[in-house]
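In: structure here, sequence nowhere to be found:
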């Protein structure tokens, strides 16, 4: 079995995480702000990159690093967009961004393993 044999499960986790991230803006009452547009754009980028990684995992390992950068952006964005005082929003971004970062690193390491 190849090292990237679990990519469908991995990418399903990405999609579920982004759906949760987008819904958190309304749950923690910062909808209607630039933070919502940010989450939608970042979520769409991650979904596209994750899907493209599934097509050719070994040939697209660099996309994992882009996803990692977007995950770090997800963690930092509450302070950039000024809703850091909203504990629920910050917690959501930090937890989901950390999960994305771990998955991105795992994806890169699994697809480069011999």
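Out: Looks like it came in fine. Only a predicted model underlies this, so the values are computations on that prediction, with no experimental measurement involved. Numbers count the residues shown, from 1 in each chain.
In: pLDDT value on residue 73, please?
Out: What the model reports for residue 73 is a pLDDT of 93.
In: quick check: which ranges of the protein have low pLDDT?
Out: Filtered on pLDDT under 70, the chain yields the residue ranges 1-33, 112-114.
In: quick one, longest helix in it?
Out: helix 87-112 (DSSP state H).
In: in that helix, which residues are buried?
Out: 89-90, 92-93, 95-97, 99-101, 103-104, 107-108, 110-111 (16 or more other Cβ atoms under 10 Å). Bear in mind the C-beta positions are built from the backbone N, C-alpha and C, glycine included.
In: first vs last residue of stretch 79-88, how far apart are they?
Out: One end of stretch 79-88 sits 13 Å from the other (Cα to Cα, to the nearest Å).
In: show me which positions of it end up buried.
Out: Result for stretch 79-88 [16+ other Cβ under 10 Å]: buried residues 81, 83, 86.
In: skip the chain neighbours and tell me the closest residue to residue 73.
Out: Excluding the flanking residues, the one nearest residue 73 by Cβ to Cβ, 6 or more residues apart in numbering is residue 42, at 6.5 Å.
In: what number of residues lie near the one you found?
Out: With neighbours defined by other Cβ atoms under 10 Å, the count for residue 42 comes to 20.
In: next structured bit after whichever helix or strand it is part of?
Out: Under the criterion of DSSP states H and E, residue 42 resides in helix 34-55. Counting by DSSP H and E, the element after helix 34-55 in chain order, helix or strand, is helix 62-80.
In: what's the distance between residue 94 and residue 100?
Out: Using Cβ to Cβ, to the nearest Å, residue 94 is found at 11 Å from residue 100.
In: do residue 87 as well
Out: 20 Å.
In: could you do residue 108 as well?
Out: 13 Å.
In: anything in contact with each of those two?
Out: Shared contacts of residue 108 and residue 100 (Cβ atoms under 8 Å, 6 or more residues apart in numbering): residue 68.
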